[in-house]
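> 3D, please:
(chains A and B, ligands or ions: 2)
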Protein chains: 2
Amino acid sequence: MVALGGSDIERLIAMLSRLPGLGPRSARRAALYLLREPQTRLAPLSRAMDSAARSVRTCSTCGTLDTTDPCTICADPERDRGLVCVVETVGDLWALERAGIHRGVYQVLGGTLSALAGMGPDDLNTAPLFARIKAGGVREVILALAATVEGATTAHWLQERLAPTGVAVSRVGHGVPMGGALDVLDDGTLAAALTARRPA
Amino acid sequence: MVALGGSDIERLIAMLSRLPGLGPRSARRAALYLLREPQTRLAPLSRAMDSAARSVRTCSTCGTLDTTDPCTICADPERDRGLVCVVETVGDLWALERAGIHRGVYQVLGGTLSALAGMGPDDLNTAPLFARIKAGGVREVILALAATVEGATTAHWLQERLAPTGVAVSRVGHGVPMGGALDVLDDGTLAAALTARRPA
Ligand SMILES: [Zn+2]
Ligand SMILES: [Zn+2]
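Ligands and ions are numbered 1, 2, ... in the order given. Coordinates of the predicted model:
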């Protein structure tokens, strides 16, 4: 690899190319876009990243990323705390929030059970959910997991653990394509899946 | 749009989605990737951007971006200063450097003549090229412009301005597809185009 304008520029391109969705070519294009106007493009993005890096935290209640703990959703008095939607990732939570169809709160597992990925029950962020159930006030848990083997295994395992609590458990049903992840679905599909939920 | 975890996170996603090649979805994925490990991913990228923003400059000789002025290429005693390759953008220069086929130096125009884009002769960075020619030592100017209407118009205009100087002028010929930009070509095509250059 030849020098692309000094080590600072090369390092920037190398780091950008590690971002998901950016290959080497788009990393170079993005770097050029930023470098062409360093004061109005590069410096503000650097400041936004620095600010986010200092302020981001994981909500100790639901496990999402936010700048406050509890997060905006958990702290919102208008959200229905009796209705907890269980998702795998923060990206899934964001997808449901963009669709604007869930008026309750969330539990972000941070993964699904997977022997291959070495994810066991202890690796899932479920303790806050059971603590909330124990504290009372949770009526229903909606399992909004991907229609994959891992998602189904995780849903089944959670359902068994939730059964003794007496809380109603439902799963998003129609709408989630087989093998599909939640966060690539359009809002309409997500809405259909959530509305058509059925007892697990 | 609902809150995606606080204004710092939303601002980061909004700024990332402005990068060329990143839509809203990939901006969210990139933000999540960075936010998941703020200290090892987000903070280092922020520092790399800040460092690049402070160090990047435009080479006053050739017009490329680098952390030094003159740039690494212009300062390299092993480059042939008698052979100047004229390109539209820094991205085109990078493409030729990656291919490793040009042993001379460059002139980055920063655009092409375009009535639509409001780019006239005064908007092109050509003064350093003519200053170099006037100072002596330039044997040949290679016009490596895109095979577009604007590229051809710019090449023609430059050729007319270069004619009185007595410097040999050539154009990259075979290999550049019609309507194609230089910086998306593979190394082999670039090498063929440069090797097969002909007098303009
Ligand atoms: Zn929360
Ligand atoms: Zn230079």
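> burial of residue A:140, as a residue count?
Look at residue A:140: counted by other C-beta atoms under 10 Å in any protein chain shown, it has 16 neighbours. For the C-beta atoms, the positions are set from N, CA and C on the backbone; glycine is no exception.
> where does it fall, phi/psi-wise?
Phi and psi for residue A:140, reported as degrees, to the nearest 10, are phi -140, psi 140.
> burial count for the closest residue in space to it that isn't next to it in sequence?
Closest residue in space to residue A:140, ignoring its immediate chain neighbours: residue A:168 at 4.3 Å, by C-beta to C-beta, 6 or more residues apart in numbering or on different chains. By other C-beta under 10 Å, the residues close to residue A:168 number 14.
> what's the answer for the one 4 residues further on, then?
The number of residues packed around residue A:172, counting by other C-beta under 10 Å, is 26.
> For it, which non-adjacent residue is closest in space?
Using C-beta to C-beta, 6+ apart, the nearest residue to residue A:172 is residue A:193, at 4.1 Å.
> do you know how far the one you found is from residue A:85?
The gap separating residue A:193 from residue A:85 is 11 Å, by C-beta to C-beta, to the nearest Å.
> any residues in contact with both of the two?
residue A:144 (C-beta atoms under 8 Å, 6 or more residues apart in numbering or on different chains).
> pLDDT at residue A:195, what is it?
Note for residue A:195: predicted pLDDT of 70.
> Kindly report the same for residue A:174.
So residue A:174 comes in at 49 (pLDDT).
> Over to residue A:137?
pLDDT at residue A:137 comes out at 88.
> gap between it and residue B:112?
Counting by C-beta to C-beta, the gap from residue A:137 to residue B:112 is 66 Å.
> More neighbours: which of those two?
residue B:112 (22 against 10).
> wait, doesn't the more buried one sit right on residue B:147?
No: using C-beta atoms under 8 Å, residue B:112 is not in contact with residue B:147, being 11.5 Å away.
> burial count for residue A:17?
By other C-beta under 10 Å, the residues close to residue A:17 number 16.
> where in chain A is pLDDT low?
A:1-5, A:173-180, A:182, A:188-189, A:192, A:196-200 (pLDDT under 70).
> residues of the longest strand along chain A that come out buried?
Using DSSP state E to define each element, chain A has its longest strand at strand A:80-87. Using 16 or more other C-beta atoms under 10 Å in any protein chain shown as the test for burial, strand A:80-87 gives A:81, A:83-87.
> wait, does it contact chain B?
No: figure legend: strand A:80-87 not in contact with chain B (C-beta under 8 Å from any C-beta of the partner chain); closest approach 12.9 Å.
> is the very next helix or strand once past that strand anywhere near ligand 1?
Downstream of strand A:80-87, the next assigned helix or strand under DSSP states H and E is helix A:90-99. No: interface with ligand 1: helix A:90-99 contributes nothing (C-beta under 5 Å from the ion), its closest point being 9.1 Å away.
> Chain A: helices as residue ranges?
A:7-16, A:24-36, A:43-55, A:72-75, A:90-99, A:127-135, A:149-162, A:187-195 (DSSP state H).
> what's the most buried one of these?
helix A:90-99 (a mean of 22; mean count of other C-beta atoms under 10 Å in any protein chain shown).
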